[in-house]
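Asker: model this:
(2 chains)
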Amino acid sequence: MDAVKILGKTLVASPERQLEADSDVEVVKRVQNGDVAAFDQLVTKYRGRVYGVIYNLTSNREDAADLTQDAFIKSFQSINRFQGQSSFFTWLYRIAVNSTLTHLRKNRLRTFFSFEKINEDDKLSSEVIAALTVDTAADHETFARELQEKLNEAMQKLSIRHRTVITLFEIDGLGHQEIAEIMNCSVGTVRSRLHYAKQLLQSELQPYIRR
Amino acid sequence: MNENTSRKTKVSLEDLLRLKRAEQPPAEFWAEFDRGLRTKQLAAIVEPRPWWAPFIRVGTRLARYQLPVGAMAVLAVTLLTVREYRPTTFASMEQAGPAEIASLTAPTAQSGKALATDLINISLAPAMSTAVSESVPVSVAVESRSIQPALNQSTALGSSSHVAMVSSELSSARYMADSLAAAHATNPELNQLLGQSLPGNDGNAIRSEPLAQINVPGESRRSRFLGGTAWLASASTGSSALQPNEQATRHLTERRLSESDVISRIDMDGSRLTVKF
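Answerer: Model prediction:
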């Protein structure tokens, strides 16, 4: 198990993540040896998460789809240069995030949102929406759409870096160390950005927070 | 039950953000996604990579060294420029032969300026070589009055002053060449006078003139003075003799030579050529 000691704390990769990385190594080796079809396994495994990260960064489903495809194509083209110093998952995320950041910087002035529908089967989201609409007579679906718009607005008010950190940590569930590797910065920077981003979001989403 | 109730009533920022996890595309989206990805993947396999792609890769790897390498390059260029600037100038001047310096001073032979240019070349070439090699101030036969103080100053200031001196001489010589050429072109009488004074009136005859062969500074000065005087005398009197006067040579002092200014004695005004003695 990989253990990284940073700022006096030992960060240990979760067993699930470690298992995942080990299984990826075999598939990556097959792709590197010319088994192009093996790359489909990696695509199927990670496309949802990669798409989710990019979608939450761009708030545009079409851009997110294109950027996800591009990230997979880039990783496919340069998979022979992957030396296994980090996990394939981290490497792929780094490609995806960097492509997205480049895209966002290029299209800074063009902001067009297109949202995915909130999955009603998701238990946690149903609970949250129910809690927020318990005192009101608002329709769940209408309220969910309004909340979704407010959430995306608040996210777009963050800078690109802060948005990336909050997306990777809160939405995708990555650890500080993994985010630091993906964003090529220190863990302290990740923590700092996370703290600042949360403060901003809290002030923006204050009406929806119930204590 | 109480825990579930409290869970439902409290909503934190983290809960709100986890709502975004539920924003997922429908299942049919992934079929379309896979098709698009397959197309792009095939295109990436078939499409030949551009020949400059490896350079970009190398450039990307070396990107971190851009700043130090750039700074070193600027520093090296600056040092080379500072180091090579002065030696290059003097080396080129010292290595340049009289003919090269003369060719720098004189424009290419043009029909109107041929005679004047030849005169300047003959007078400048030995003087330049003497000035550069011996670091001694030299007065040139066609120099203007302002050159002489610069020449005296150059002895004290060293060889760097020589460069400025030579350049001022060149500009004066060019000015004189232009004036003579203009006078030559506009004034037929002057043309006739010059033709009489210079036998043959061609470049070869001028080049064989003995004054051009003098290298010793003192002799050069003296001979140039006499040569210029003889030339002017012959121009005014119509005599074709160009030999220096031996007797006059002995009576010439250095002071008088340094004060001599042949050009200032020539006054070309319209159709007249006046020479003061």
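Asker: Any idea how many residues pack against A:Thr68?
Answerer: 27 (other C-beta atoms under 10 Å in any protein chain shown). For glycine as for every other residue, the C-beta is placed from the backbone atoms N, C-alpha and C.
Asker: With B:Thr274 instead?
Answerer: The burial count for B:Thr274: 10, using other C-beta under 10 Å.
Asker: and it, what element?
Answerer: Here B:Thr274, judged by DSSP states H and E, is contained in strand B:272-275.
Asker: for the stretch of helix or strand B:Ala31 belongs to, packing partners?
Answerer: Assessed by DSSP H and E, B:Ala31 sits inside helix B:27-46. Applying 3 or more C-beta pairs under 8 Å, 6 or more residues apart in numbering or on different chains; DSSP states H and E, we find helix B:27-46 packed against helix A:38-58, helix A:61-77.
Asker: Could you dump the ones you listed into a markdown table and include distance to chain B and mean pLDDT?
Answerer: What follows is those, written out as a markdown table (distance: least, C-beta to the nearest C-beta, whole Å; pLDDT from 0 to 100):
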| stretch | distance to chain B | mean pLDDT |
| --- | --- | --- |
| helix A:38-58 | 6 | 92 |
| helix A:61-77 | 5 | 93 |
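Asker: so can I have JSON lines of the ones you listed showing distance to B:Lys40?
Answerer: Formatted as JSON lines, those follow (distance: least, C-beta to C-beta, whole Å):
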{"stretch": "helix A:38-58", "distance to B:Lys40": "11"}
{"stretch": "helix A:61-77", "distance to B:Lys40": "5"}
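Asker: right, and these - which one's nearest A:Gly173?
Answerer: Closest of the helices and strands packed on helix B:27-46 to A:Gly173 is helix A:38-58, at 9.4 Å (criterion: C-beta to C-beta).
Asker: residues of the closest one that come out buried?
Answerer: Using 16 or more other C-beta atoms under 10 Å in any protein chain shown as the test for burial, helix A:38-58 gives A:38-43, A:45-47, A:49-58.
Asker: related to what we said a few turns ago, which stretch among the helices and strands packed on helix B:27-46 comes nearest A:Arg105?
Answerer: helix A:38-58 (11.7 Å).
Asker: May I have the closest one exported as CSV, CA atoms only?
Answerer: Provided in CSV are the C-alpha atoms of helix A:38-58 (Å, rounded to 0.1, in the frame of the first residue of the first chain):
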residue,chain,number,x,y,z
ALA,A,38,-8.2,-3.5,-24.2
PHE,A,39,-8.4,0.3,-24.1
ASP,A,40,-12.2,0.0,-24.3
GLN,A,41,-12.2,-1.5,-20.8
LEU,A,42,-10.5,1.6,-19.5
VAL,A,43,-13.0,3.8,-21.4
THR,A,44,-16.0,1.9,-20.0
LYS,A,45,-14.6,2.0,-16.5
TYR,A,46,-13.7,5.7,-16.3
ARG,A,47,-15.9,7.5,-18.8
GLY,A,48,-18.7,8.3,-16.3
ARG,A,49,-16.3,9.8,-13.7
VAL,A,50,-14.3,11.7,-16.3
TYR,A,51,-17.4,13.0,-17.9
GLY,A,52,-18.8,14.0,-14.5
VAL,A,53,-15.7,16.0,-13.6
ILE,A,54,-15.6,17.8,-16.9
TYR,A,55,-19.3,18.4,-16.8
ASN,A,56,-19.2,20.0,-13.4
LEU,A,57,-16.3,22.1,-14.5
THR,A,58,-17.9,23.3,-17.7
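Asker: check contacts around the residue lying closest to A:Trp91 once chain neighbours are set aside.
Answerer: Among residues not flanking A:Trp91 along the chain, A:Phe82 sits closest, at 5.8 Å (C-beta to C-beta, 6 or more residues apart in numbering or on different chains). The contact partners of A:Phe82, taken as C-beta atoms under 8 Å, 6 or more residues apart in numbering or on different chains, are A:28, A:32, A:75, A:88, A:91.
Asker: Tell me which residues touch the most centrally placed residue in chain A, please.
Answerer: The C-alpha lying nearest the average C-alpha coordinate of chain A belongs to A:Val53 (C-alpha atoms, centre = their mean; 2.9 Å). The contact partners of A:Val53, by C-beta under 8 Å, 6+ apart, come to A:93, A:96-97, A:100, A:167-168, A:171-172.
Asker: Between those residues, which sits nearest chain B?
Answerer: Nearest to chain B, judged by C-beta to the nearest C-beta, of these is A:Ile171 at 5.2 Å.
Asker: give the contact list for that closest one.
Answerer: A:52-53, A:56, B:17-18, B:20-21.
Asker: where in chain A is pLDDT low?
Answerer: Scanning chain A for pLDDT under 70 picks out A:1-16, A:137, A:211.
Asker: for it, what spans make up the strands?
Answerer: Under the criterion DSSP state E, chain A contains strands at A:3-6, A:9-12.
Asker: Give me the buried stretch members for stretch A:183-200, please.
Answerer: Of all the residues in stretch A:183-200, those buried under the rule 16+ other C-beta under 10 Å are A:183, A:187, A:189-191, A:193-194, A:196-198, A:200.
Asker: Tell me which two of the residues you listed sit farthest apart.
Answerer: A:Val187 and A:Leu200 (20.6 Å).
Asker: right, and A:His162 touches A:Ala197 too?
Answerer: Yes: the pair formed by A:His162 and A:Ala197 meets the contact definition of C-beta atoms under 8 Å, at 4.0 Å.
Asker: what residues are up against the nearest residue to A:Ala64 once chain neighbours are set aside?
Answerer: The shortest distance from A:Ala64 to any non-neighbouring residue, by C-beta to C-beta, 6+ apart, is to A:Tyr55 (3.9 Å). Residues in contact with A:Tyr55, defined by C-beta under 8 Å, 6+ apart, are A:61, A:64, A:116, B:23.
Asker: Show the contacting residues for the second one.
Answerer: The neighbours of A:Ala64, taking C-beta under 8 Å, 6+ apart as the test, are A:51, A:54-55, A:57-58.
Asker: Swap in 7 Å and give it another go.
Answerer: A:51, A:54-55, A:58 (C-beta atoms under 7 Å, 6 or more residues apart in numbering or on different chains).
Asker: closest to B:Arg38 among those?
Answerer: A:Tyr51 (16.1 Å).
Asker: Look up how far A:Leu57 lies from that closest one.
Answerer: According to C-beta to C-beta, to the nearest Å, A:Tyr51 and A:Leu57 sit 11 Å apart.
Asker: swap in A:Arg161?
Answerer: Taking C-beta to C-beta as the measure, A:Arg161 falls 11 Å from A:Leu57.
Asker: go on, A:Gly34?
Answerer: According to C-beta to C-beta, A:Gly34 and A:Leu57 sit 33 Å apart.
Asker: Repeat that for A:Leu67.
Answerer: Counting by C-beta to C-beta, the gap from A:Leu67 to A:Leu57 is 9 Å.
Asker: Overlap of the contact sets of these two?
Answerer: With C-beta under 7 Å, 6+ apart, A:Leu67 and A:Leu57 have common neighbours A:Thr100.
Asker: Would you map the helices across chain A?
Answerer: Ranges of helices in chain A, per DSSP state H, are A:15-32, A:38-58, A:61-77, A:88-106, A:123-132, A:140-157, A:160-166, A:176-183, A:187-204.
Asker: Against which helices or strands is the shortest one packed?
Answerer: Put plainly, it is helix A:160-166. helix A:88-106, helix A:187-204 (3 or more C-beta pairs under 7 Å, 6 or more residues apart in numbering or on different chains; DSSP states H and E).
Asker: again, but for the last one
Answerer: In terms of contact count using 3+ C-beta pairs under 7 Å, 6+ apart, helix A:187-204 is assigned the packing partners helix A:140-157, helix A:160-166, helix A:176-183, helix B:13-19.
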